[in-house]
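[1] attaching a predicted model along with its sequence, questions to come.
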Amino acid sequence: MIPRNARFWTGAAAVIVLAVIVSLSRANEYFFFAGFVVLQSVVLATAWNILGGYAGYVNFGTAAFFGIGAYMAVVVINATGAPLAVQILAGAAVSGLLGLGTGLLTMRLRGIFFSIATVAIIFIAETLITNWRYVGGATGIQLLRPPLMEPFGSYTRMLFVVMAVLAVIAVSIARYIETSWIGRGLQAIRDTEEAAECSGVPTLKLKLFACTVSGALMGAAGAPLPMYLSFLEPASSFSLNYSVAALAGAIIGGTSHWLGPVIGAILLASVQQIVTVTIPGEINVLVVGVLLVVFVVAAPDGVLGLLRKLRGKLRRPRAPAESPS
Amino acid sequence: MNISRRNWLSIAGALAIALGVSASPAQAQQPIKVGMSMPQTGSLGAGGKAALVALKMWVEDVNAKGGLLGRKVELIVYDDQTNPALTPGIYTKLLDVDKVDLLIAPYGTVPTAPIMPLVKQRNLLLMGNFSFQVNHTVKHDMWFNNAPWGTAASWFDGYFIAGQKLGAKTIAFLASDQEFAQNLANGAKELAKNGGLKTVYEQNYPPTTVDFSSMIRAIRSVKPDLVFVASYPNDSVAIVRAVNEIGVGPDVKLFGGGMVGLQFTPIMESLGSLLNGIVNYNSYVPGMNYPGIEEFLQRYSKKAVEAKVDPLGFYLPPYNYAIGQMLEQAVTATKSLDQKLLADYLHKNEMKTIVGPIRYGPDGEWATPRVVQAQFRGVVDKNIEQFRQPARQVVLYPDQYKTGDAIAPFEKARSGK
């Protein structure tokens, strides 16, 4: 039997190779626009899950880290004109630092109070950017895309591959954290923080680490946005929708395993993309809410939990035909 | 039943012929697809819905006349939720999956900006929809905005000209500390300086301000001739209320200029008589004799009530109907859907629309901007219908559509119900 690790890395490599092949094919351009958004959701949901799923700290500030990542890319473009890879690194670094800072300030809070504090970060970040003329201020900034990079036929195709690579990196990091001592520590924090602390788990250090990694990945997800849109403005970049979508993706998929956010984000983002171009009007905005409510009520452990339950039922020896009532 | 191979062949042949016969007229009658995204939810949703009613009216009208080039017109619209992150995907779908023939931009600057590189890259004609300086960086030569403004200066030219006619010497500025309002105010300050007006008061306020009484008192104490306000809807309402409570003194000749929100029906209705005397920018007010606009607004009004959107529809709907008219004129004249030919036609010819004749400059904005400055007069409370009367908003600028002179000072105009 192939060891788990080898299976994972083969799968990861296959995803990247597949993304490259599809991007070089004659597939419809729309597929790449929609695909980019779906992969971006995978990165965000996976990043959210590192703190929200493993450690149980519900973070509503995804939009802040994502937006700061996007705006750092704008700063890099304006200041140096450096390529996309540098923009992503800069976005990840600054959002990671923001995550660390946020962690230092808010980790004394727990439960709903922590969540409220993370919402505040969005407003602080948005206000800062709104008043910073260098990156376009309130009206936003238009950017011109650099010339095409061979062998890709369009810039969006290249961004699609970049986002696929980011998704694989994010999932690999999440999986590493989950399966290592860090993940076990975070899970102990989620179950009972006091007990974890008493058992020698360095709770503050682990929480700060999770905050930083989660923030950095969200920033990396945001960094390609300016080039995807060739335009950026604060109100939509710091939209609470990103926070809700990241959280919803993880919860719908299941928070206990790295695969959960991947499944949830793909499901949710694809449904949203389809609904946007099929159902007119307000109904498409309802989709996330309805899906979230349905899953919280019907499958509190997400799609993964549901699958596990089904598998458990199938494996269980068949019950006697007539059970005593 | 046994069917021989020959029978199969003849059945297949007959089917093929039947399909071929029925397919050829269907091909000829394939509709001309016009595609766009329109904010129907989110911050621009209310305006977007009203604009969509007008565009659908154009589609009905043009189809009633037999369509374009003998083909019916079909409008394909998606809701972009006022979210610029959605528009590139939507427009790619319109182009690559729905295979639309003509494109209209979504209402507003923010949802439009991300699709500019796409249309430039693919050399496509794009009809703009009330955006501001969106083609500034991209410089696409097949872009045509329906908005009556061009540069920032075009928003307040009329206000200063009206002020100069009244012999104004001093001016006070009150502006929201946000990009757009600041652009307006900075441009206005420059214009004031060049026109020899002395600035006696200048205040930028944070966008979250709700109490303007201290600023209005300060303006009152410096006795300016003109007060130029660049504000957003919520601030505009608060400023109008503060002015009516405190007053700005007998010296102020004109008050207003760049107050966003006083064009929107719900705000006009809720402020009612408090609006009297204010001179403010607008895109259209009743009494401007554009051919066909009154008939359009009557028909629009019925549809708007059914669709539960803005019943007056002065601000955005006529300009959206005009987009349809421009496309119709260009396609009919060139007898083509070739994007380059259509763009050339739009560049070289005057467009006849219900918002007056439009000629385009090289940047795709109006060669002669036509931002209206109008003064509210005789407005009473709680009455939407009154705004249909030309006497409620008197056009001071531009001169060819002028319906009256400014009443000054402001306090006199304000109290003269």
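    Good, I have the coordinates.
[2] from now on I want contacts and neighbour counts done on CA atoms only, so please keep to that.
    Noted.
[3] for chain B, what are the nearby residues on the stretch 101-250 of chain A?
    Residues of the stretch 101-250 of chain A found near chain B (Cα under 8 Å from any Cα of the partner chain) are A:130-131, A:137-140, A:142-144, A:229-231, A:233, A:236.
[4] now B:M351, nearest residue through space, not along the chain?
    Spatial nearest neighbour of B:M351, excluding adjacent residues (Cα to Cα, 6 or more residues apart in numbering or on different chains): B:I358 at 5.0 Å.
[5] name the nearest of the residues of the stretch 101-250 of chain A next to chain B relative to B:V62.
    B:V62 lies nearest to A:L229 out of these, by Cα to Cα, at 34.1 Å.
[6] how many residues are close by that closest one?
    Residue crowding around A:L229 was assessed by other Cα atoms under 10 Å in any protein chain shown; the count is 25.
[7] residue ranges with poor pLDDT in the chain?
    Using chain A here. For chain A, the stretches with pLDDT under 70 are A:1-2, A:280-282, A:284-285, A:316-325.
[8] actually it's chain B I care about, not the one you picked
    B:1-28, B:179, B:416-417.
[9] is it true that B:E202 lies in a strand?
    Yes: B:E202 forms part of a strand when assessed by DSSP: H, G, I helix; E, B strand; the rest coil.
[10] the residue nearest to it when sequence neighbours are not counted: neighbour count?
    Distances taken as Cα to Cα, 6+ apart place B:F173 nearest to B:E202, at 4.7 Å, with adjacent residues excluded. Neighbourhood size, B:F173 [other Cα under 10 Å]: 22.
[11] can you tell me the SS state at B:F173?
    Going by three-state DSSP: B:F173 is strand.
[12] before we move on, what about the one 10 residues further on?
    Per three-state DSSP, the local secondary structure of B:N183 is helix.
[13] do A:P151 as well
    Strictly by three-state DSSP, A:P151 counts as coil.
[14] what residues are up against it?
    The contact partners of A:P151, by Cα atoms under 8 Å, 6 or more residues apart in numbering or on different chains, come to A:L24.
[15] so how far is A:Y30 from it?
    Relative to A:Y30, A:P151 is positioned 19 Å away (Cα to Cα, to the nearest Å).
[16] ok, A:V297 next?
    34 Å.
[17] the more surrounded of those two?
    Per other Cα under 10 Å, whichever of A:V297 and A:Y30 has more neighbours is A:Y30, with 21 against 11.
[18] circling back to that earlier point, in this structure the residue nearest to B:E202 contacts B:K198, no?
    No: under the criterion of Cα atoms under 8 Å, B:F173 is not in contact with B:K198, lying 11.0 Å apart.
[19] ok, longest helix in chain A?
    The longest helix of chain A (DSSP state H) is helix A:155-179.
[20] so where do the strands sit in the chain?
    Picked chain A for this. Taking DSSP state E as the criterion, chain A contains strands spanning A:141-142, A:231-232.
[21] right idea, wrong chain: chain B
    Counting by DSSP E, the strands of chain B are B:32-38, B:73-79, B:102-104, B:126-128, B:143-145, B:170-176, B:198-205, B:226-231, B:254-259, B:279-282, B:351-353, B:356-358, B:372-376, B:393-397.
[22] of those, which is nearest B:T112?
    The nearest among those, by Cα to Cα, is strand B:126-128 at 8.0 Å.
[23] sheet partners, orientation included, of that closest one?
    strand B:102-104 (parallel), strand B:143-145 (parallel) (DSSP bridges).
[24] measure the residue nearest to B:K120 when sequence neighbours are not counted to A:A117 for me?
    Closest residue to B:K120 apart from its sequence neighbours, by Cα to Cα, 6+ apart: B:H140 at 5.7 Å. Computed as Cα to Cα, the B:H140 to A:A117 distance reads 44 Å.
[25] can you list the residues of chain B near chain A?
    B:40-41, B:78-80, B:83-85, B:88-90, B:92-93, B:96-97, B:110, B:113-115, B:117, B:137-138, B:178-180.
[26] just the buried ones from those?
    Buried members of the residues of chain B next to chain A, counted by 16 or more other Cα atoms under 10 Å in any protein chain shown: B:40-41, B:78-80, B:83-85, B:88-90, B:92-93, B:110, B:113-115, B:117, B:178-180.
[27] what sits closest to the closest residue to chain A within the stretch 251-400 of chain B if chain neighbours are left out?
    Of all residues in the stretch 251-400 of chain B, B:A307 sits closest to chain A, at 12.6 Å by Cα to the nearest Cα. Spatially, and ignoring its direct neighbours in sequence, B:A307 is nearest to B:V53 (7.8 Å; Cα to Cα, 6+ apart).
[28] how many neighbouring residues does that neighbour have?
    20.
[29] what's the answer for B:F264, then?
    The number of residues near B:F264, taken as other Cα under 10 Å, comes to 18.
[30] ok, now which ones touch the residue lying closest to it once chain neighbours are set aside?
    Sequence neighbours aside, B:Y315 is the residue nearest to B:F264 in space, at 7.3 Å (criterion: Cα to Cα, 6+ apart). Residues in contact with B:Y315 (Cα under 8 Å, 6+ apart) are B:263-264, B:282-284.
[31] ok, and the closest non-adjacent residue to residue 56?
    Looking at chain A here, since you left the chain open. Nearest non-adjacent residue to A:G56 (Cα to Cα, 6+ apart): A:R190, at 4.8 Å.
[32] ah, I was thinking of chain B
    B:L75 is the one closest to B:K56 (Cα to Cα, 6+ apart), at 7.5 Å.
[33] pretty sure that neighbour sits against B:W58.
    No: if you go by Cα under 8 Å, B:L75 and B:W58 don't touch, sitting 10.0 Å apart.
[34] how is chain B carved up into domains?
    B:32-145+B:292-354, B:153-288+B:370-415 (automatic domain parsing).
[35] can you list these in TSV and add distance to A:G35?
    Compiled in TSV, these are given as follows (distance: least, Cα to Cα, whole Å):
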stretch	distance to A:G35
domain B:32-145+B:292-354	10
domain B:153-288+B:370-415	34
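[36] before we move on, back to that, residues contacting the residue nearest to B:M351?
    Contacts of B:I358 (Cα under 8 Å, 6+ apart): B:350-352, B:366-367.
[37] state the pair within these that is farthest apart.
    So, the contacts of B:I358 by Cα to Cα: farthest apart are B:K352 and B:A367, at 14.4 Å.
[38] how about B:G324: what's its closest non-neighbour residue?
    B:W58 (6.0 Å).
[39] neighbours of the one you found, how many?
    Around B:W58 there are 22 residues (other Cα under 10 Å).
[40] and what of B:S415?
    14.
[41] just checking, it touches B:L274?
    No: counting by Cα under 8 Å, B:S415 does not reach B:L274; the two are 9.4 Å apart.
[42] let's see stretch A:158-166 as CSV, backbone CA atoms only.
    The C-alpha trace of stretch A:158-166 is given here as CSV (Å, rounded to 0.1, in the frame of the first residue of the first chain):
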residue,chain,number,x,y,z
MET,A,158,-1.4,32.3,-15.5
LEU,A,159,-3.1,33.7,-12.4
PHE,A,160,-5.2,30.5,-12.3
VAL,A,161,-2.0,28.4,-12.2
VAL,A,162,-0.5,30.7,-9.5
MET,A,163,-3.6,30.3,-7.4
ALA,A,164,-3.5,26.5,-7.8
VAL,A,165,0.1,26.5,-6.6
LEU,A,166,-0.9,28.7,-3.6
